[in-house]
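[1] turn this into a model:
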Amino acid sequence: MDKEWFFDNAKKLLLSMRKISAGTVLLMWALAMISGVFIYKLVSGNNPAKKEITMTFATWWDDELEGETFSALCSEYQVQNPGITIKLEKLNWDTIQELLEKKDSKDSNKNAQKINPPDIFSIDPYAVYELEKKSLLAKLEDDRNFTGNIVSIISFINPLYYNIGLLQDAGFDRPPKNQTEFLSYVQRIKETGKFGAGIALSDLRHVNQQLLSWIWAAVGNPDVSSSFASKEVIDTLNFLNLLYQNLYDNPFELSKAKLLEAFGKGEIGMMIGSIADIREIKRTNINFSITTIPAPVSYTKKPVFPLSVWYVGIYSKSEYQEEAKDFILFLKKKSGEIAAAAYAVPGNGTLDRELSKEDLYYAKAFDMYEAGEMVRELYHSQNISQFNDIIIREVRFMFQGSKTPKECAEAIQYNWENLAGITPAVP
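    Residues are numbered from 1 along each chain as shown. Below you'll find the predicted structure:
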């Protein structure tokens, strides 16, 4: 640059600034300061136009995991997404449902505050249809490859648990392989002063795991709308009818929690449970293992396991639909970590090699999963709660001697077709 040109122009600039009034200089200084502050906030991430949000994630799952898994995942998500706070609420399903259905109501108490439903929530699969009917679930079909209005996070098979010690005391060195053997095991265990098996049917939500499991094990992967009046189902109902006389407690009054507690105390020889129950039973002193649910002697297909699934949904009136979808995608990506913390099999469908080396139960469960077939809960079927109620009612009639297994099967089939909107044949 030419030195003479530079000094000449600098001189002209200084002379021109001498003509500017003091007020103008102050105004220019103030504008510069305001611009500087705005640019600083923009660069530092404190943009006043950027809204900080708090989303509520309501779930009862955190207590079923080792450690504070969901708390840690929420913190991780917040670090990755500045400006978003995930408030984790540990609520049972009944409370979550109440919040969703009382979205704008107030209690009769004058001091009661407005009830705020969660933005994201774990969901009872049997409640999906009713929530959709009431427009409480957000539509999730979009370019993120969501399907339906709920998203599965992880899943669990439901195998047969057996107490090795009680079986050995009754003279057996292996679990029963079919329903005929199962009956003989139960009767022999009862002779030792213990109960051979228990079934918990006090809660309709356990019908799939505790009762229908036996039917799925007999018919293979079923076509629900046409299977209940089949010979395989009638034979299985006959098996259950014979089993009823030797069960631990009244099945219609026994809860799953009480069944699990009794098994852990060594009072029951065998039960069907979630693979997640392993963690609870391992805290006891009993020697136990897991196996497939026994099928009839003539069964030649793959073993079948009822599958329980953890689903999440988004409240339809949440202010943060897109952010909530992003958080669900984050949970899906973390499904391996969640599955390992829950000892879930198949979890996200991928074997955790490290966990399988340390835990033989986990490794065995995954071998069973890979060798068998899965039957999901009938979560999206219309009137499924009524259907479960019909099953319980008809099975109760059978256990009480009011109906034969054949009449029970035909009544279930007839009522299922009615609920499904199919013109049923008169039984």
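[2] now the strands for the stretch 1-150 of the chain?
    Remark: strands assigned in the stretch 1-150 of the chain by DSSP state E, counting those that start in this stretch are 53-59, 84-90, 120-123.
[3] which stretches of the stretch 251-400 of the chain form helices?
    Here the stretch 251-400 of the chain has its helices, by DSSP state H, counting those that start in this stretch, at 256-264, 277-281, 321-333, 335-342, 353-358, 360-371, 384-399.
[4] could you tell me the least trusted of those helices?
    Confidence, taken as mean pLDDT, is least for helix 353-358 of these (a mean of 67).
[5] most packed of the strands of the stretch 1-150 of the chain?
    strand 120-123 (a mean of 24; mean count of other Cβ atoms under 10 Å). C-beta here means a position set from N, CA and C on the backbone, and glycine is covered the same way.
[6] rewinding a little: adding distance to L247, write the strands of the stretch 1-150 of the chain out as CSV.
    CSV is the format used below for the strands of the stretch 1-150 of the chain (distance: least, Cβ to Cβ, whole Å):
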stretch, distance to L247
strand 53-59, 33
strand 84-90, 34
strand 120-123, 31
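[7] and T300, which of these is closest to it?
    Of all those, strand 120-123 sits nearest to T300, with 37.0 Å by Cβ to Cβ.
[8] which residues touch the closest one?
    Residues outside strand 120-123 that contact it (Cβ atoms under 8 Å, 6 or more residues apart in numbering) are 55-61, 93, 96, 100, 131, 150, 310-315, 318, 324, 327-328.
[9] skipping its backbone neighbours, what lies nearest K406 in space?
    I234 (5.2 Å; Cβ to Cβ, 6 or more residues apart in numbering).
[10] now swap in D249 and tell me
    Nearest to D249 is G198, by Cβ to Cβ, 6+ apart, at 6.7 Å.
[11] can you get me a residue count around that neighbour?
    For G198, the number of neighbouring residues by other Cβ atoms under 10 Å comes to 23.
[12] do D169 as well
    Neighbours around D169, by other Cβ under 10 Å: 16.
[13] please tell me I have it right and it contacts T192.
    Yes - look at D169 against T192 with Cβ atoms under 8 Å: they come within range, at 5.1 Å.
[14] report the secondary structure state of W214.
    helix (DSSP: H, G, I helix; E, B strand; the rest coil).
[15] how about the contacts made by it?
    So W214 contacts Q179, T236, F239, L240, I293 (Cβ under 8 Å, 6+ apart).
[16] nearest to A340 among the residues you listed?
    Distances from A340 to the contacts of W214, taken by Cβ to Cβ, are shortest for I293, at 24.9 Å.
[17] not counting sequence-adjacent ones, nearest residue to that closest one?
    A217 (4.2 Å).
[18] residues near the nearest residue to W310 once chain neighbours are set aside, how many?
    Sequence neighbours aside, I153 is the residue nearest to W310 in space, at 4.6 Å (criterion: Cβ to Cβ, 6+ apart). By other Cβ under 10 Å, 23 other residues sit near I153.
[19] related to what we said a few turns ago, how about the residue nearest to D249, phi and psi?
    Backbone torsions of G198, given as degrees, to the nearest 10, read phi -140, psi 150.
[20] tell me the contacts of the closest residue to Y315 other than its chain neighbours?
    In space, and not counting its chain neighbours, Y315 is closest to P117: 5.1 Å by Cβ to Cβ, 6+ apart. Counting by Cβ under 8 Å, 6+ apart, P117 makes contact with L99, L100, K102, K103, Y315, K317.
[21] thought P118 was touching the fifth one, still the case?
    Meaning Y315. Yes - with contact defined as Cβ under 8 Å, Y315 counts as touching P118 (6.3 Å).
[22] wait, which of the strands of the stretch 1-150 of the chain is closest to M270?
    Of the strands of the stretch 1-150 of the chain, nearest to M270 by Cβ to Cβ is strand 120-123, at 29.8 Å.
[23] so how far is that closest one off the chain centroid?
    Mean C-alpha position of strand 120-123 versus that of the full chain (Cα atoms, centre = their mean, to the nearest Å) differs by 9 Å.
[24] got any ranges where the chain has weak pLDDT?
    Low-confidence segments of the chain (pLDDT under 70): 1-50, 103-115, 141-147, 222-226, 351-357, 377-383, 420-427.
[25] could you identify the longest strand within it?
    Ranked by number of residues, the top strand in the chain under DSSP state E is strand 304-314.
[26] same question for that strand: list its buried residues.
    The neighbour-count check on strand 304-314 (16 or more other Cβ atoms under 10 Å) flags V304, F305, P306, L307, S308, V309, W310, Y311, V312, G313, I314 as buried.
[27] list just the nearest of those to F288.
    F305 (17.7 Å).
[28] just give the nearest non-adjacent residue to F397, would you?
    K403 (4.4 Å).
[29] how about the helices in the stretch 1-150 of the chain?
    Under DSSP H, counting those that start in this stretch, the stretch 1-150 of the chain gives helices at 3-17, 22-44, 69-80, 93-101, 128-133.
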